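> show me the folded form of this:
(chains A, B, C and D)
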There are 2 protein chains.
Amino acid sequence: MRDVAVRAGVSTMTVSRVLNEPGKVSEEMRERVLTAVREIGYLPNHLAGSLSSNRSTTIGLIVPSIDNSIYTQTIKGLSEVLKRSGFQLMIAESGYDPNEEEELITVFLSHRVGGLVLHSTEHTPQAIEKIRKSGIPVVENGNIPKEPLDMVVSYSNRDASYAMTMHLGRLGYRKIAFASLYSVHNDRSQDRLKGYLAALKQLGLEPDSRMVLETGRGLAAGAEVVARVIQSVPEVDALFCAGEVLAVGALFECQRRGWSVPRRIALASFDDVNLLRHVSPSITSLRLPRYDIGERTARILLSRIIDGADHLRGSVVDLKFEVIQREST
Amino acid sequence: MRDVAVRAGVSTMTVSRVLNEPGKVSEEMRERVLTAVREIGYLPNHLAGSLSSNRSTTIGLIVPSIDNSIYTQTIKGLSEVLKRSGFQLMIAESGYDPNEEEELITVFLSHRVGGLVLHSTEHTPQAIEKIRKSGIPVVENGNIPKEPLDMVVSYSNRDASYAMTMHLGRLGYRKIAFASLYSVHNDRSQDRLKGYLAALKQLGLEPDSRMVLETGRGLAAGAEVVARVIQSVPEVDALFCAGEVLAVGALFECQRRGWSVPRRIALASFDDVNLLRHVSPSITSLRLPRYDIGERTARILLSRIIDGADHLRGSVVDLKFEVIQREST
DNA sequence: CCCGATTTTGATATCGGTAACAACAGAATT
DNA sequence: AATTCTGTTGTTACCGATATCAAAATCGGG
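Residues are numbered from 1 along each chain as shown, chains lettered A, B, ... in the order given. Reported below is the predicted structural model:
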């Protein structure tokens, strides 16, 4: 920058102004500086800028695993909005482990990110403490927690699960099984289960522990769930999978066994990925606002950071979801 | 840091040493400093550190689109290795556009990233110029270009495509169609086409432009490709889709039409995602080392950055792929 | 017990910018 | 014409760390 200043015959301050607040500089200076910048091929050092101004244009994002199509939509929403304002995304994976998450939060804080986006809503006490102390704005994304850290942009896993279960009930299914990922350390799974149970109650159906299944990730897990539930409750007439991979795995298993879906058993899924629309039968599912979550998250963070919109502190945005009825129910 | 130094009754230099080169500090000082750090809850300012040491622990990654399962595997490989060395990943999407890529490269350079990972192997002249000038190590990932920017960790799209086409030929298929994404501005697609054509020649088969199709992204595009090729060349007996989404879309379309795969038409795919193993019939595909690419890329970058391994400059790592024979051929 | 070698610690400049305020010029006000 | 205001540019200090080299402490050998 010094070089540019010398070449343009001005002070570094003027150069800095041309680059950041062009309005405050006279036409002539602006031109001189800009040509000097071009001639030298000068690239501002963003580190120095952030350090000196105590402002950062990077946002830290922690997802359980990048390797999951549902996060990528949110990431896309985030990154598209952030990019427009010249913000950058730092992404890390916690591997579904709160301790790992804490570690990453520490790293991000020491990088002095301007804001933090967390998919998980379960954090270690130390992580919470550090975030509080840092004072930077945070958005939680994966669920609507009872005690938000700061801001929340999400849909309600409980409500969504409730809605789908009610949908199945209204269609006349009476033996509705529910499959989810392991719910320990995963309040998303827990809330989905709660929604399911609440709906059963509303429908006047008896909950049956044999029809509440937990399993791991992957298509094979979906297949396994089908096998398990049929084994213990042969009269089951619907299976609600709280995860699109499970649902597809379940469908494939049904096809393998030659069962008609939905005649022998109906299938419903969480999270409306493209695939569900194209398998046959197409699978009834919940359209969740994955992309919108990213977009809104970015917007609300930027408001806080750029405009200092302190009234947004602690705000909770509950985005809508939708039940998509298809051939599988 | 000043606070920590005062509290421990030492200079800031000693604090810095305790944190970065503990070996060079006496036992006593180390303890005093560490307790002070703990008591104050001090978090080093990484920006300041990078600025002053002129070393950076962030790596910039540019992918065409995050929203694509094949990149996420590579990202996972990258991030896992980098994390172990305390490096961070900055990720951005170029949207398959070289100009956008150039823009992002500029941003990353001004963030003074320690290294750059580019999926695309096509860049604007200005982008190349800027990277050269910056002197930071770069790895290209998506293909093995004729003129690498610096280092390359990839598999050969041409070779992989050749191998699969030969495989189909050896199985006895004679009317092998080839479908890929639009190849303008996409040398991966171009190379895949070259491999296909080279294999046809080797097999003594006539290339037929009606059996070389280009299309967009998505399952629907796969379906459309099937319709198109059958229409113009009814006697086609195999379809090689250079993309797993296309292949799955094609399979679904065949199922919808009630065609037996592989009897009516055989299907083969690029990129062995999990789904291909679980559909029925399972789809023959190419297992590409997506995760390994990320891992190796990270390793080679770290060698350059940390160990200053200059002999690695310009090295090209050609990772192996594998043809996975399944039911669809 | 002293001296040079080695290790440990500290003082200072610096990395590349921006904040805050001072200085100055020309325009507007009276 | 003197005074105040407004807008533009420059000066200086500082952001929070590390590099560099000097100073002090420790050590071993003669």
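> number of nearby residues for the closest residue to A:Lys83 other than its chain neighbours?
Leaving aside its chain neighbours, A:Lys83 sits nearest to B:Ala92 (7.0 Å; criterion: C-beta to C-beta, 6 or more residues apart in numbering or on different chains). C-betas here are computed from N, CA, C, even on glycine. Neighbours of B:Ala92 under the rule other C-beta atoms under 10 Å in any protein chain shown: 22.
> can I get the helix or strand containing B:Ala92 as CSV, trimmed to CA atoms?
Under the criterion of DSSP states H and E, B:Ala92 resides in strand B:88-93. C-alpha atoms of strand B:88-93 as CSV (Å, rounded to 0.1, in the frame of the first residue of the first chain):
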residue,chain,number,x,y,z
GLN,B,88,-8.7,-23.9,8.3
LEU,B,89,-10.6,-24.1,5.1
MET,B,90,-12.3,-21.2,3.3
ILE,B,91,-14.7,-22.5,0.8
ALA,B,92,-16.4,-20.6,-2.1
GLU,B,93,-18.4,-21.6,-5.1
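> show me what contacts A:Val236?
Applying C-beta atoms under 8 Å, 6 or more residues apart in numbering or on different chains to A:Val236 gives the contacts A:175-177, A:211, A:229-230, A:265.
> for A:Val33, that is, sorry about that
Counting by C-beta under 8 Å, 6+ apart, A:Val33 has contacts A:4, A:8, A:10, A:14-15, A:18-19, A:25.
> element containing it, please.
Using DSSP H and E, A:Val33 sits in helix A:27-40.
> next SSE after that helix?
Note on helix A:27-40: by DSSP H and E, the next helix or strand toward the C-terminus is helix A:46-53.
> quick check: the residue of chain A positioned farthest from its centre vs A:Val18, distance?
The outermost residue of chain A, judged against the average C-alpha position, is A:Gly9 (49.4 Å), by C-alpha atoms, centre = their mean. Distance, A:Gly9 to A:Val18, by C-beta to C-beta, to the nearest Å: 13 Å.
> just the strands from the stretch 51-200 of chain A, written as ranges.
A:58-63, A:88-93, A:115-118, A:138-140, A:151-154, A:176-181 (DSSP state E, counting those that start in this stretch).
> any chance of those strands in CSV with mean pLDDT and distance to DNA strand D as columns?
Shown next, in CSV, are the strands of the stretch 51-200 of chain A (pLDDT from 0 to 100; distance: least, C-beta to the nearest atom of the strand, whole Å):
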stretch, mean pLDDT, distance to DNA strand D
strand A:58-63, 97, 16
strand A:88-93, 95, 18
strand A:115-118, 98, 18
strand A:138-140, 98, 20
strand A:151-154, 98, 25
strand A:176-181, 97, 39
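> in TSV, list these along with distance to DNA strand C.
TSV is the format used below for those (distance: least, C-beta to the nearest atom of the strand, whole Å):
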stretch	distance to DNA strand C
strand A:58-63	15
strand A:88-93	16
strand A:115-118	18
strand A:138-140	23
strand A:151-154	25
strand A:176-181	46
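> please produce CSV containing those strands, extended by distance to B:Val323.
CSV is the format used below for these (distance: least, C-beta to C-beta, whole Å):
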stretch, distance to B:Val323
strand A:58-63, 33
strand A:88-93, 31
strand A:115-118, 41
strand A:138-140, 44
strand A:151-154, 43
strand A:176-181, 33
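> so how far is DNA strand D from the residue in the stretch 201-329 of chain A that DNA strand C sits nearest to?
Here the stretch 201-329 of chain A gets closest to DNA strand C at one residue, A:Ile306, 12.5 Å apart by C-beta to the nearest atom of the strand. Distance, A:Ile306 to DNA strand D, by C-beta to the nearest atom of the strand, to the nearest Å: 20 Å.
> which non-adjacent residue is nearest that residue?
Nearest one to A:Ile306, counting by C-beta to C-beta, 6+ apart, is A:Ser85 at 7.1 Å.
> would you mind measuring from the one you found to DNA strand D?
Distance from A:Ser85 to DNA strand D, by C-beta to the nearest atom of the strand: 22 Å.
> show me the contacts for that residue.
Per C-beta under 8 Å, 6+ apart, neighbours of A:Ser85: A:57, A:302, A:306.
> contact residues of chain A facing DNA strand D?
Contact residues, chain A versus DNA strand D (C-beta under 7 Å from any atom of the strand): A:9-14, A:17, A:24-26, A:28-29, A:48, A:51-52, A:54.
> swap in 6 Å and give it another go.
Contact residues, chain A versus DNA strand D (C-beta under 6 Å from any atom of the strand): A:10-11, A:13-14, A:24-26, A:28-29, A:51-52.
> dihedrals phi and psi, the residue of the stretch 201-329 of chain A closest to DNA strand C?
The phi/psi pair for A:Ile306 (degrees, to the nearest 10) reads phi -80, psi -50.
> report how many residues lie close to it.
A:Ile306, neighbours per other C-beta under 10 Å, totals 13.
> check the one 10 residues further on too.
Applying the criterion other C-beta under 10 Å, we find 13 residues in the vicinity of A:Val316.
> for it, give its distance to DNA strand D.
Going from A:Val316 to DNA strand D by C-beta to the nearest atom of the strand gives 31 Å.
> sorry, back to before: so what's the residue nearest to A:Lys83 up against?
Neighbour list for B:Ala92: A:79, A:83, A:88-89, B:60-63, B:104, B:107-108 [criterion: C-beta under 8 Å, 6+ apart].
> could you dump these to CSV with distance to B:Ile75 and neighbour count?
Formatted as CSV, these follow (distance: C-beta to C-beta, whole Å; neighbours: other C-beta atoms under 10 Å in any protein chain shown):
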residue, distance to B:Ile75, neighbour count
A:Ser79, 13, 22
A:Lys83, 18, 18
A:Gln88, 16, 24
A:Leu89, 12, 22
B:Gly60, 13, 25
B:Leu61, 7, 30
B:Ile62, 11, 25
B:Val63, 7, 25
B:Leu104, 15, 25
B:Val107, 18, 21
B:Phe108, 16, 25
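> how's chain A carved up into domains?
Chain A breaks down by automatic domain parsing into domains covering A:2-44, A:56-155+A:291-319, A:157-287.
> would you format those domains as JSON lines with distance to B:Thr72 included?
Converted to JSON lines, the domains of chain A look like this (distance: least, C-beta to C-beta, whole Å):
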{"stretch": "domain A:2-44", "distance to B:Thr72": "30"}
{"stretch": "domain A:56-155+A:291-319", "distance to B:Thr72": "5"}
{"stretch": "domain A:157-287", "distance to B:Thr72": "14"}
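> which stretch among those domains comes nearest B:Ala247?
B:Ala247 lies closest to domain A:157-287 among those, at 12.4 Å (C-beta to C-beta).
> and the closest one, how far out from the chain middle?
22 Å (C-alpha atoms, centre = their mean, to the nearest Å).
> endpoints of that domain, how far apart?
Using C-alpha to C-alpha, to the nearest Å, one end of domain A:157-287 lies 12 Å from the other.
> returning to that earlier point: so which of the domains of chain A is nearest B:Ser134?
Nearest of the domains of chain A to B:Ser134, taken as C-beta to C-beta: domain A:2-44 at 7.9 Å.
> quick one: the closest one near DNA strand C?
Yes: counting by C-beta under 6 Å from any atom of the strand, DNA strand C is contacted by domain A:2-44 at A:12-13, A:16, A:20, A:44.
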